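J.: Sequence first, then the predicted structure, then my questions.
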Amino acid sequence: MIEKLLVCNRGEIAVRIVRACRELGIKVAVAHSAADRDSLAVALADDAVCIGPGPAARSYLNTAALVHACDRVGADAVHPGYGFLSEDARFAAVCEELGITFVGPPAAVIAPMSDKVRARAMMQEAGLPVPAGSDNPLQDLAEAQALAAEIGYPVILKAAAGGGGRGMAVVHRPEQMAQALHEVRTVARTLFLDDRVFLEKFLTGARHVEIQVLGDQHGTMLHLGERDCSIQRRRQKLLEESPSSALDPRLRARMGEAAVRGAAHVGYHSAGTMEFLVGPDGEFSFMEMNTRIQVEHPVTEMLTGIDLVAWMIRIANGEHLPWQQDEIRSQGHVIECRINSEDPARDWAGSFGRLEEFRSPAGPGVRVDTHGYAGYVVPPFYDSLLAKVVVQADTREEAIARMRRALEEFTCTGVSTTIGFHQDLLRHQTFLAGTHRIDFVEQHLGADGQLLH
């Protein structure tokens, strides 16, 4: 049984994990960089240990420092959160070798799912639909051009080891292929130390819909419904909601069954996400599997009442899931807005500095996950996510009205944020109609960062 857990992350997800441990009666420590010494997660934890200076490469991405931190605070388990080393099979393997419980799937599952080419092949084996494309990494430009001509433009180039919306490029015409392939290879080599690239048919007018899965170590695998992530900019999600207006009951059931089948096929346990594209014709295809907790997990937690973070820890402790698939229930409609410390008017440049005033919304059906507080200094080294505002109501229309009210209550000064963007989005007719696609923001965003109505 886990006695003390080390949180190997920062920001709002670190706070979220600390709170889950508190409720489970597990002692909790936080590994933090020097820049996060005064973070809320550190203040809430039983213990804390500095693992290095501000830059992530010298702290949150330093496996040796994290393992040493476990020894220093007497932790027998780690929770990696999302980002950083959460999908690093080597980190999970080191923990396994040292007898440290890794709260997540085993390294043997993380490794193939982190390789998009292998993941695509394994999902095909499980009978899931995948887009037309290359079954192996591209060898050269000639192969890329030949395959694109065969399946038809537009196509998308993807880094095999990519993630987080990075290492991708859509190619609309043959003359764009050489430059796009060079750029994706360069990004892949720089960010992921792996320059393998593959190609798939790009689905125009698609919706991005993901299915939350949850499995224990005893063979039970469930899905907890979908989250629609189609509102995104440069493949970075901005707003998530459930249920999706793109799915009818039959399609929802098919996608849920496919997600369970795919996760079970690879021997998955813990919380994970199967990501799909849904075309205008209502057909869906597998994109990737995230072998970690997602930023947007509160959407599912509010919809189902199931604490995903706590159940990740309980599953790591060997507990059985207490439900069957037909016992999973969803209630109402949930929307999440990601509040980033960015300035949309300056091409979404990051905004850093001291929060002068910080008052988050509250009231019926409102949840705010944040690490912000008045006086907190937003450091320049990390992701810009500052808070997640999540609301639940009986209908989509009521949830939108509740989110508008919540965002009006949100006061944050000292840095620029995306609150105004979300307020504008929640009044856009295309979003209100539920007919938006993954290219919505690019199609409607003006040069000044304002949405065109």
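T.: Looks like it arrived, so ask away. All values reported here derive from a predicted model rather than from experimental measurement.
J.: quick one: the residue lying farthest from the centre of the chain from P174, how far?
T.: Going by CA atoms, centre = their mean, the residue of the chain most distant from its centre is A142, 34.2 Å out. Using CB to CB, to the nearest Å, one gets 12 Å for the distance from A142 to P174. The C-beta positions use only the backbone N, C-alpha and C, and glycine is treated the same way.
J.: Next: A48.
T.: Applying CB to CB, the value for A48 to P174 is 55 Å.
J.: And the two? Which one has more around it.
T.: A count of neighbours by other CB atoms under 10 Å puts A48 above the other of A48 and P174, at 22 against 12.
J.: Shouldn't the more buried one be within a strand?
T.: Yes. Under DSSP: H, G, I helix; E, B strand; the rest coil, A48 falls within a strand.
J.: Surely it touches A29?
T.: Yes. In terms of CB atoms under 8 Å, A48 counts as a neighbour of A29; the distance is 6.2 Å.
J.: partners of the nearest residue to Q325 once chain neighbours are set aside in the sheet?
T.: Distance criterion CB to CB, 6 or more residues apart in numbering; nearest residue to Q325, sequence neighbours excluded, is L222 at 5.5 Å. Taking DSSP bridges, one finds L214 as the beta-bridge partners of L222.
J.: How about the one 10 residues further on?
T.: Counting by DSSP bridges, Q232 forms beta bridges with K237.
J.: List the contacts of it.
T.: Shown here is Q232, whose contacts under the criterion CB atoms under 8 Å, 6 or more residues apart in numbering are G165, H208, L238, I438, V441.
J.: Would you reformat these as CSV and include secondary structure and neighbour count?
T.: Supplementary listing: the contacts of Q232 in CSV, determined by DSSP: H, G, I helix; E, B strand; the rest coil; neighbours: other CB atoms under 10 Å:
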residue, secondary structure, neighbour count
G165, coil, 12
H208, strand, 22
L238, strand, 20
I438, coil, 20
V441, helix, 19
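J.: Could I get the phi/psi values of I26?
T.: Summarising the backbone geometry of I26 under the convention degrees, to the nearest 10, its torsions are phi -100, psi 130.
J.: That one contacts K4, doesn't it?
T.: Yes. Distance between I26 and K4: 6.9 Å, which falls inside the contact criterion (CB under 8 Å).
J.: Flag the shaky bits of the stretch 151-300 of the chain, pLDDT-wise.
T.: Scanning the stretch 151-300 of the chain for pLDDT under 70 picks out nothing.
J.: Show me which parts of stretch 107-125 are buried, residue by residue.
T.: Neighbour-count burial for stretch 107-125, with 16 or more other CB atoms under 10 Å as criterion, is recorded at 107, 109-117, 119-120, 122-123.
J.: Please apply the same query to stretch 405-412.
T.: Residues of stretch 405-412 classed as buried by neighbour count (16+ other CB under 10 Å): A406, L407, F410, C412.
J.: Good, wrapping up.
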